[in-house]
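In: structure, please.
(2 chains)
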Amino acid sequence: MSDIRYSEDHEWIILDGDVGTIGISDYAQGALGDVVFVEMPEIGASLDKGAEVGVIESVKAASEIYTPVSGEIVAVNEAVDGDPSLVNTDPLGEGWLFKIKLSKPEELNGLSNQDAYNKFLEGLD
Amino acid sequence: MSQSPQDQALQQTALHALHVELGAEMVPFAGYDMPVRYPMGIMAEHLHCREKAALFDVSHMGQFNLAGDDAVAELEKLVPGDINSLKTGRMRYSLLLNEQGGILDDLMITRGAKDLFIVVNAACKDADEAHMRAHLAGDTRLTKLDDRALLALQGPQAANMMGQYDAKLAQMPFMSGMQASLDGLDCFVSRCGYTGEDGYEISVANDQAEDLARALLAFDDVEPVGLGARDTLRLEAGLCLYGSDIDTNTTPIEASLTWTIGKRRKIEKDFPGAGPIMDQLFDGPSRLRVGIRPDGRAPARAHTEILDLDGNIIGEITSGGYGPTVGGPVAMGYVDAAFANDGTEVGLNIRNKVHKAHIAPMPFIKKGWK
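Out: Alright, predicted model coming up:
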């Protein structure tokens, strides 16, 4: 498995072969607050990098989820569908959202590693 | 990020430093820098209020004193409520109406021994003041109480705590107000609220507000609660948010607030907009504010289209989200009158997908006040 990479929209991706697992960062779940519903993408959908793939609803507001890479959706996390609070309690683990088969693996190079993302977050406040 | 000029212009309540100290996330609201949530989070804050007690800072709201022998008669010219029959120490929810019957604001009016105490919405307070100054005649004297903060203590444990300061506070009826001393601080205490729970609103001098807030927070069962949970609490209680659920384009009849029109006022028809409002009352309004329960789990937010089973637009959601106590999505909005009966099946257009829902009675929770 690859190291974790982040987008500036606060999604993370970890690659296993040509399939990436995607979720939202710990910072993002904290900013959203209590997650109560996730609208997942449809399996089989082909999406371009940056496309809206779903929506996370917290008590506070609805926020779009964007895919950080292009590809085809191959799985969504049914456990999060049943218990959306997993996104808060384990955003980088059990709270993953969907898996995508990358059509342009080189797009990973445009994403931030953990250190770069941490620096990006410091710049937000 | 650097502050925009808009942020710098935000006003602060007397409790601002305390909110920051308590770790609140601050957001702009009605021109004030206000706490939307504390580290506990909106869900836990909401549930804490329903189970124990919550302290809210609502000092951004407008507080007024209206004095003079003509105060009651003059205020009645602006609202549909029967203020004249209000006994000393009792309070009433009412509406400032325009001549078309539209709602300029909703407000609380408490009758004191010699004067009226009025609380209005933060976003409307300047316009309300101008409206009242322009229309209140006779010997009325309107004073804006800018030197006072307003705290709300809400929840089933609130009466126990208030009773420890003064036994009378635990005994006072809901929708009444009285002067009281809390820890030696002079306060005007009202038993009312905006959460669906029993509770109090406490008007106190700005320079004593932090002492009072710290004293209340010292009770084990009190947690500070922000505007985020205040909104989910009032939504579950079916209470209107001015600017979302009611405004100048809605009448009291359409807003299902017909009960705010006093019996005597209906007969005398002497309140603003009485003509169109009484016509609507007798002919039936074309649309009504109703409660809506989505059948699924997707929250339906404000401005979501409401559809009939054929897909025609029959209304719009004005407030909606997740109800932590209900454990699912709840909403309110306006629908064509033919679809306003409880149980009516409707559709909600959420992100271009139709989600099933039904019209439901409000409040969505068992009310906690008496």
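
In: what pairs with the most centrally placed residue in chain A across the strands?
Out: Chain A has residue A:23 as the residue nearest its centroid, 2.7 Å off, counting by C-alpha atoms, centre = their mean. When assigned by DSSP bridges, residue A:23 has beta-bridge partners residue A:12.

In: wait, residue B:161 sits on residue B:55?
Out: No. Contact between residue B:161 and residue B:55 fails when scored by C-beta atoms under 8 Å: they sit 9.9 Å apart. Where C-beta positions appear, they are placed from N, C-alpha and C, glycine not excepted.

In: between these two, what contacts are shared?
Out: B:153, B:216, B:222 (C-beta atoms under 8 Å, 6 or more residues apart in numbering or on different chains).

In: and the residue nearest to the centre of chain A, what pLDDT?
Out: Looking at residue A:23, its pLDDT is 97.

In: residue contacts, it?
Out: Counting by C-beta under 8 Å, 6+ apart, residue A:23 has contacts A:11, A:12, A:87, A:91, A:92, A:95, A:96, A:97.

In: for PyMOL, what selects the buried ones among those?
Out: Of the contacts of residue A:23, the buried ones can be selected in PyMOL as follows, counting by 16 or more other C-beta atoms under 10 Å in any protein chain shown:
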select buried, chain A and resi 11+12+87+91+95+96+97
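
In: what's the spacing between residue B:343 and residue A:85?
Out: 31 Å (C-beta to C-beta, to the nearest Å).

In: show me which of these two is the more surrounded one.
Out: Ranked by neighbour count (other C-beta atoms under 10 Å in any protein chain shown), residue B:343 and residue A:85 place residue A:85 first, with 14 against 8.

In: ok, the more buried one touching residue A:33?
Out: No. Judged on C-beta under 8 Å, residue A:85 makes no contact with residue A:33 at a distance of 10.8 Å.

In: show me where chain A has its strands.
Out: A:5-6, A:11-16, A:19-24, A:35-39, A:46-47, A:52-58, A:62-66, A:71-76, A:98-102 (DSSP state E).

In: strand partners of the last one, parallel vs antiparallel please.
Out: Strand A:98-102 has the following sheet partners, assigned by DSSP bridges: strand A:19-24 (antiparallel), strand A:71-76 (antiparallel).

In: of those strands, which is nearest residue B:80?
Out: Nearest of the strands paired with strand A:98-102 to residue B:80, taken as C-beta to C-beta: strand A:19-24 at 48.5 Å.

In: and that closest one, which residues are buried?
Out: For strand A:19-24, a neighbour-count test (16+ other C-beta under 10 Å) marks A:20, A:21, A:22, A:23, A:24 as buried.

In: what's the farthest-apart pair in these?
Out: Across those, the two members that end up farthest from each other (C-beta to C-beta) are A:20 and A:24, 13.9 Å apart.

In: give me the number of residues near the closest residue to residue A:121 other than its chain neighbours?
Out: Counting by C-beta to C-beta, 6 or more residues apart in numbering or on different chains, residue A:121 lies nearest to residue A:27, which is 5.5 Å off, once chain neighbours are set aside. A count of nearby residues for residue A:27, using other C-beta under 10 Å, gives 16.
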